[in-house]
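Colleague: Any chance you could fold what I've pasted below:
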Amino acid sequence: MKFGTKAVHAGVEPDPSTGAIMTPIFQTSTYVQEGIGNHKGYEYSRTHNPTRDALQKSLAALENGKHGLSFSSGLAAIDAVIKLLNPGDEVISVNDLYGGTYRIFRTVFEKYGIKFTFVDLRDANNVEQYMTENTRLVWVETPTNPVLQVVDIAAIAERCASRNVLLGVDNTFASPALQNPIDHGADIVMHSVTKYIGGHSDVVMGALVVKDDALAEQLYTLQNSCGAVSGPMDCFLVLRGIKTLHIRMKQHTANGKKIAAYLNSHPKVDKVYYPGLEDHPNHDVAARQMHDFGGMMSFTLKQDDLETAKATVARFKLFTLAESLGGVESLCGHPATMTHASIPKEEREKSGVVDSLIRLSVGIEDADDLIKDIEQALG
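Modeller: Purely as a prediction, here's the structure:
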């Protein structure tokens, strides 16, 4: 089954009681049992909910996995992954990553005795230099947030497999429409469903997808035990969003390519970070492991100072200054003071998150209008 067909149909069936083509919102906390231990597969909605079950099946299908789990946020999903580990275990993480991920690693889990090392993984050989007998997980974003580093998933997976180390990939920037890490050897795929999968800026949710049954059972236990599950109304909204994911991503990508090319030729722009540009580091890897390049990009200004960046984002009209990404509307952000403010300045600047860096989430509006907006914002 091709992706567009899966987006519309995978995981969902007409409601058997009414024939409703859309999965009903089972807005219930509990379920009547005919007797002790005699029920219809549902006891309590933290553990199972029919609307969530349909979404989890859809997510698994989209990522070519076997098991899907939805959580109340992307960070809740990451929290579950790290709870697979024990004190003394070590994690190797890509050095350019979402500020919230960095924060939960350093401020929440380090105090429980888990060690995190942040490494430039654009060269897959770098991961081997930091692996020890205690390494249990390699955590990758590709493309990364916010400078869109591209990591060779298959090459990292090969090195992880040889040492029995789990590989987790945050696939949020690509979405399952543009990249499927499990196909390249990843053990765990994570999404901030809030972004492209939901696609309409009206839901906060996270997800994990795996193929291994034993790993899935561990994660389901954590999902139920810790309780950070997604509610049925949110699951319904995401199921609705998924049905147009493939169409939306085509437009995000078409607009993204045009805008990246425009920025790349603008006299006031210093660097453009977009995997679709041929001079982007590891462009060849992105072309091999991604189906297309998406609508996320960042750029720096030649006038590299905070005030110029603030003035620039303030002039945008169609690109709305806001946290988040992946919605149908175009957004702009200033990572150094917004999404990545929790990372110390010296650390974030090592990976290119300087004061003049501006991140764009290119929406599905008309590309010519978006380019005009950038033109006037840059002055």
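Colleague: in the chain, which spans are helices?
Modeller: 3-9, 50-62, 74-82, 99-103, 126-130, 153-162, 213-226, 232-242, 245-264, 283-289, 306-315, 345-350, 367-378 (DSSP state H).
Colleague: Give me the buried stretch members for the fifth one, please.
Modeller: Residues of helix 126-130 classed as buried: N126, V127 (neighbour count, 16 or more other CB atoms under 10 Å). In short, each C-beta sits where N, CA and C put it, glycine included.
Colleague: circling back to that earlier point, in JSON lines: the helices of the chain, plus distance to H39 and mean pLDDT.
Modeller: Converted to JSON lines, these look like this (distance: least, CB to CB, whole Å; pLDDT from 0 to 100):
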{"stretch": "helix 3-9", "distance to H39": "28", "mean pLDDT": "97"}
{"stretch": "helix 50-62", "distance to H39": "13", "mean pLDDT": "98"}
{"stretch": "helix 74-82", "distance to H39": "26", "mean pLDDT": "98"}
{"stretch": "helix 99-103", "distance to H39": "38", "mean pLDDT": "96"}
{"stretch": "helix 126-130", "distance to H39": "46", "mean pLDDT": "96"}
{"stretch": "helix 153-162", "distance to H39": "40", "mean pLDDT": "98"}
{"stretch": "helix 213-226", "distance to H39": "16", "mean pLDDT": "98"}
{"stretch": "helix 232-242", "distance to H39": "18", "mean pLDDT": "98"}
{"stretch": "helix 245-264", "distance to H39": "34", "mean pLDDT": "98"}
{"stretch": "helix 283-289", "distance to H39": "44", "mean pLDDT": "98"}
{"stretch": "helix 306-315", "distance to H39": "53", "mean pLDDT": "96"}
{"stretch": "helix 345-350", "distance to H39": "50", "mean pLDDT": "87"}
{"stretch": "helix 367-378", "distance to H39": "52", "mean pLDDT": "98"}
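Colleague: what would these look like in a markdown table with distance to H184?
Modeller: Formatted as a markdown table, the helices of the chain follow (distance: least, CB to CB, whole Å):
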| stretch | distance to H184 |
| --- | --- |
| helix 3-9 | 16 |
| helix 50-62 | 15 |
| helix 74-82 | 18 |
| helix 99-103 | 20 |
| helix 126-130 | 15 |
| helix 153-162 | 4 |
| helix 213-226 | 17 |
| helix 232-242 | 22 |
| helix 245-264 | 19 |
| helix 283-289 | 6 |
| helix 306-315 | 35 |
| helix 345-350 | 27 |
| helix 367-378 | 30 |
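Colleague: I'd like to know which of these is closest to S298.
Modeller: Closest to S298 of those is helix 245-264 (CB to CB; 9.6 Å).
Colleague: In that closest one, which residues are buried?
Modeller: Applying a neighbour-count criterion of 16+ other CB under 10 Å, one finds 245-246, 248-249, 251-253, 255-257, 259-260, 262-264 buried in helix 245-264.
Colleague: From S225, how far out is Q218?
Modeller: 11 Å (CB to CB, to the nearest Å).
Colleague: Between those two, point out the one with more neighbours.
Modeller: Q218 (14 against 11; other CB atoms under 10 Å).
Colleague: From E34, how far out is the closest residue to the more buried one other than its chain neighbours?
Modeller: Excluding the flanking residues, the one nearest Q218 by CB to CB, 6 or more residues apart in numbering is L84, at 6.0 Å. Going from L84 to E34 by CB to CB gives 36 Å.
Colleague: Contact partners for the residue nearest to Q218?
Modeller: R136, L137, L166, Q218, L219, L222 (CB atoms under 8 Å, 6 or more residues apart in numbering).
Colleague: wait, what's in contact with the first one?
Modeller: Under the criterion of CB under 8 Å, 6+ apart, the contact list for R136 reads L84, L85, D89, E90, V91, V165, L166.
Colleague: Kindly check the end-to-end length of stretch 52-70 for me.
Modeller: 7 Å (CA to CA, to the nearest Å).
Colleague: Mind listing what's buried along it?
Modeller: 52-65, 67-70.
Colleague: ok so, going back, return the per-residue confidence for the residue nearest to Q218.
Modeller: Here the pLDDT value assigned to L84 is 98.
Colleague: And it, how close does it get to G74?
Modeller: To G74, L84 is 17 Å away according to CB to CB.
Colleague: Equivalent analysis for H266, please.
Modeller: 32 Å.
Colleague: Off-centre distance for stretch 265-284?
Modeller: In terms of CA atoms, centre = their mean, to the nearest Å, the centre of stretch 265-284 is set 21 Å apart from its chain centre.
Colleague: With stretch 362-379 instead?
Modeller: 24 Å.
Colleague: Alpha carbons only: can I get it in PDB?
Modeller: The C-alpha atoms that make up stretch 362-379 are tabulated as PDB, following Å, rounded to 0.1, in the frame of the first residue of the first chain:
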ATOM      1  CA  VAL A 362       7.100  27.200   5.500                       C
ATOM      2  CA  GLY A 363       3.300  26.600   5.300                       C
ATOM      3  CA  ILE A 364       1.000  25.800   2.400                       C
ATOM      4  CA  GLU A 365       0.100  29.300   1.300                       C
ATOM      5  CA  ASP A 366       1.000  30.600  -2.200                       C
ATOM      6  CA  ALA A 367       4.800  30.600  -2.400                       C
ATOM      7  CA  ASP A 368       4.900  34.000  -4.200                       C
ATOM      8  CA  ASP A 369       3.100  35.700  -1.300                       C
ATOM      9  CA  LEU A 370       5.500  34.100   1.200                       C
ATOM     10  CA  ILE A 371       8.500  35.300  -0.800                       C
ATOM     11  CA  LYS A 372       7.100  38.800  -0.900                       C
ATOM     12  CA  ASP A 373       6.700  38.700   2.800                       C
ATOM     13  CA  ILE A 374      10.400  37.600   3.300                       C
ATOM     14  CA  GLU A 375      11.500  40.400   0.900                       C
ATOM     15  CA  GLN A 376       9.800  43.100   2.800                       C
ATOM     16  CA  ALA A 377      10.900  41.700   6.200                       C
ATOM     17  CA  LEU A 378      14.600  41.600   5.100                       C
ATOM     18  CA  GLY A 379      14.100  45.200   3.900                       C
END
